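Undergrad: no FASTA, just this:
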């Protein structure tokens, strides 16, 4: 056992986590108002998808006690550590465990899901809700007295799992409560406790494939040259690129095959780290995944071992300081959907040449070139064929033939329809196949335990997407195989009108993404209604389905400008807890507006890329304005013109499209 712990300690040090030497613990007796999870009464039946975390928390707290930690932070990461310790499987969240409490923070997309999945050891903190403290504020308030009374309160976290920008912000926040409150880098305690012997998936690494010019439209050498120009303009010598989608994009390479990294399961990424300066490029990957094809593609790039990346990075900057002591390097800050460089990486770059800043690659990648844009359009047309064919099949099965289908079986068939399309590389994320009340859980994921039967009694929400060599797709449509209620039709119409109004926006180039969100929410706002998620996100080109800098959300604190060549989702919704959910998601492309007299500069408008019909039986046509109705008719005609010619020997799908496009 001692040998095992020593080995784990060595691995933790190499990976950027450091073991503290404090001893002793005095439990805090401070308690605050709790936001408990559901079904925690003595006579309640726990939800079927709940995980019992009692033993896991007990062994974690024993490790914390041994190391003198008063709290331990578990952020979201790519190996599902947060899910293991808490049971929560959403894609946004963070937890803190003290000796007497365990709390998880998440946003409005996951309130219902988290309330079911967290067991009664946990308190759910609903972010942005009245009376709910921010993560760092809650920790500061609850550990302040301990620090004041005992001389020090140590909050542990793995430096490899937290972004440097977040780490520094929290560190400053904690010290504002007490100078004796310390955010301490420690080894990853979850890795100590969660092993293959007790169910942790074994490591599976992706192959690394060249992404050719027919898909990328620009050589990696040209991309690097453009990046170097941008860095030089800001008097920057180099950058440490730690975001996996940025590495894949700038070097025109992708990951292919299965992986143990759950968050990356449907994104064509791979474990890597990259350093680019004005003279050289160093790529750190798993060497057993380096092929002759990759070596030829990356001629001139130095390739090092990923497993010893921190050692390599430390050695590089020791030498670099001697050769070029004035060369400053960007270490990336958190961006729209990414955490930025880890605190472990931040600490390896000498502070006199380190500059914490956004990566220039974010905007470079977001603005698609002509080849990428054409590929995205083609991928969405192929995807529309798959989704329309599946939709026609499902409607016939349930509405006409009365066959039995469930959320999981329907999602499995949808995956098969996509797999038939040329250059398909799987799904772009886990399909949200949600019938009835499950649709009210914004990011619901069906399981064998929760798998609901789909029938004619309620709404059926399907949010899905595909990965193709020429693009990434993401589309949501809401169906009803029976007779919807008047309230359901009203809510669907409200959501559809908002979706159309966003698609109709025309504005000056560079308009901030937050500025267009009201167009989508206005019809719900007028009735005192709302939805707890953003209206849109950027999307990659055979990359991640959520891509910055674009995020359509009124309350966003760091807005980004909209430019021609960007693609983003238009996805308003409405959710009636315990009853149903409605969401309509269409990818839009930002295009230039040709103006005869551009007196006020260049303008942009949005072009629909997703080409899947909406459900006529759910639309109250009389409530659509003439402009909205014309947009819908034009949209349907595009579907007829561009999707029908792609469908061969499938009268069922052709008839379905013709029926759904009659407005």
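TA: That came in fine, so what should we check first? Treat the numbers as computed from the prediction; the structure is a model and nothing was measured.

Undergrad: Flag the shaky bits of the stretch 251-400 of the chain, pLDDT-wise.
TA: Applying pLDDT under 70 to the stretch 251-400 of the chain picks out residues 262-264, 321-323, 325.

Undergrad: hey, where'd the helices end up in it?
TA: 292-297, 309-323, 343-348, 361-366, 370-395 (DSSP state H, counting those that start in this stretch).

Undergrad: Could you dump the ones you listed into a markdown table and include mean neighbour count and distance to residue 44?
TA: (Each C-beta comes from the backbone N, C-alpha and C, glycine too.) What follows is the helices of the stretch 251-400 of the chain, written out as a markdown table (neighbours: other CB atoms under 10 Å; distance: least, CB to CB, whole Å):
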| stretch | mean neighbour count | distance to residue 44 |
| --- | --- | --- |
| helix 292-297 | 13 | 55 |
| helix 309-323 | 15 | 47 |
| helix 343-348 | 23 | 40 |
| helix 361-366 | 21 | 46 |
| helix 370-395 | 22 | 35 |
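
Undergrad: Relative to residue 180, which of those helices is closest?
TA: helix 343-348 (20.5 Å; CB to CB).

Undergrad: helices and strands around the closest one, which ones?
TA: helix 164-177, helix 309-323 (3 or more CB pairs under 8 Å, 6 or more residues apart in numbering; DSSP states H and E).

Undergrad: Turn the helices of the stretch 251-400 of the chain into CSV, including distance to residue 282.
TA: Converted to CSV, these look like this (distance: least, CB to CB, whole Å):
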stretch, distance to residue 282
helix 292-297, 15
helix 309-323, 7
helix 343-348, 13
helix 361-366, 16
helix 370-395, 26
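
Undergrad: Which one of these lies nearest to residue 228?
TA: Taking these one by one with CB to CB, helix 361-366 is closest: 11.7 Å.

Undergrad: For the closest one, name the packing helices and strands.
TA: helix 220-233, helix 244-250, strand 547-552.

Undergrad: Quick check: next helix or strand after the longest one?
TA: Beyond helix 220-233 on the C-terminal side, the first helix or strand identified by DSSP states H and E is strand 238-241.

Undergrad: before we move on, the earlier item: same list, the helices and strands packed on helix 361-366, but as CSV with mean pLDDT please.
TA: Listed next are the helices and strands packed on helix 361-366 as CSV, based on pLDDT from 0 to 100:
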stretch, mean pLDDT
helix 220-233, 98
helix 244-250, 98
strand 547-552, 97
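
Undergrad: Could you dump these into a markdown table with distance to residue 190 and mean neighbour count added?
TA: Shown next, in a markdown table, are the helices and strands packed on helix 361-366 (distance: least, CB to CB, whole Å; neighbours: other CB atoms under 10 Å):
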| stretch | distance to residue 190 | mean neighbour count |
| --- | --- | --- |
| helix 220-233 | 35 | 15 |
| helix 244-250 | 21 | 24 |
| strand 547-552 | 27 | 25 |
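
Undergrad: can you map out the strands along the stretch 351-500 of the chain?
TA: Using DSSP state E, counting those that start in this stretch, the strands found in the stretch 351-500 of the chain span residues 354-357, 405-406, 424-427, 432-435, 453-454, 459-464, 466-468, 471-472, 475-480.

Undergrad: got the ones you listed as TSV, with mean neighbour count and distance to residue 261 columns?
TA: Shown next, in TSV, are these (neighbours: other CB under 10 Å; distance: least, CB to CB, whole Å):
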stretch	mean neighbour count	distance to residue 261
strand 354-357	18	26
strand 405-406	18	28
strand 424-427	18	15
strand 432-435	26	21
strand 453-454	19	31
strand 459-464	26	21
strand 466-468	27	15
strand 471-472	30	18
strand 475-480	23	25
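
Undergrad: Which of the ones you listed sits closest to residue 541?
TA: When those are compared by CB to CB, strand 471-472 sits nearest residue 541, at 5.4 Å.

Undergrad: Direction included, what does that closest one pair against?
TA: Paired neighbours of strand 471-472 in the sheet (DSSP bridges): strand 466-468 (antiparallel).

Undergrad: pLDDT of the strand it pairs with, averaged?
TA: The average pLDDT within strand 466-468 is 98.

Undergrad: Likewise for stretch 65-80?
TA: Rounded mean pLDDT across stretch 65-80 is 94.

Undergrad: and the end-to-end length of it?
TA: End-to-end span of stretch 65-80 (CA to CA, to the nearest Å): 24 Å.

Undergrad: any idea how far that stretch is from the chain center?
TA: 22 Å (CA atoms, centre = their mean, to the nearest Å).
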